[in-house]
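Here's a sequence, model it:
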Amino acid sequence: MCQLAHAAHEAGIHLSNEREKVSSIVVCEVGNEEQLLTAHDRIRDAGIKVVLFQEPDLGNECTALATEPIFGDARRLFSRFKLWKGDRYV
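All right, here's what the predicted structure looks like:
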């Protein structure tokens, strides 16, 4: 969850949203750094602004990402990811 907070902070800095709509935070998971990088590329290639967080304490391993607020049809891109819900995934 700490990595999520880092990525959300970076998104707030780099992807500021001028919209009046309030967006939700949705937490998804991938299995490893390679899958995270693949997800990053797919999201970016779909035209969605995304920031990738690298953890300095883990040799700059990529550990989390965050996107600009997502609305409408763009949400479909994320349907392939597992949602994180407490200590279990759905």
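
check contacts around the most centrally placed residue in the chain.
Nearest to the mean C-alpha position of the chain, by Cα atoms, centre = their mean, lies Ala66 at 2.9 Å. Taking Cβ atoms under 8 Å, 6 or more residues apart in numbering as the criterion, Ala66 is in contact with 4, 7-8, 10-11, 15, 50-51, 53. C-beta coordinates here come from the backbone N, C-alpha and C atoms, glycine included.

all helices for the chain, in order.
Under the criterion DSSP state H, helices of the chain are mapped to 2-14, 33-45.

could these go into CSV alongside mean neighbour count?
CSV is the format used below for the helices of the chain (neighbours: other Cβ atoms under 10 Å):
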stretch, mean neighbour count
helix 2-14, 15
helix 33-45, 14
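
The protein: strands as residue ranges?
Per DSSP state E, the chain carries strands over the ranges 28-29, 50-55, 61-67, 82-85, 88-89.

elements contacting the fourth one?
Using 3 or more Cβ pairs under 8 Å, 6 or more residues apart in numbering; DSSP states H and E as the contact criterion, the neighbours of strand 82-85 among helices and strands are strand 28-29.

what lines up beside the strand it packs on in the sheet?
When pairs are called by DSSP bridges, strand 28-29 turns out to pair with strand 82-85 (antiparallel).

Leaving out the residues flanking it, which one is nearest to the residue nearest to the centre of the chain?
Nearest non-adjacent residue to Ala66, counting by Cβ to Cβ, 6 or more residues apart in numbering: Ala11, 3.6 Å away.

Same question for stretch 24-34: list its buried residues.
For stretch 24-34, the neighbour count (16 or more other Cβ atoms under 10 Å) marks Val30 as buried.

Quick check: mean pLDDT of that stretch?
Computed over stretch 24-34, the mean pLDDT rounds to 85.

Other residues contacting it?
4, 8, 36, 39, 61-63, 78, 81-84, 89.

Just give me how far it sits from the chain centre.
Centroid separation for stretch 24-34 versus its chain: 6 Å, with Cα atoms, centre = their mean, to the nearest Å.
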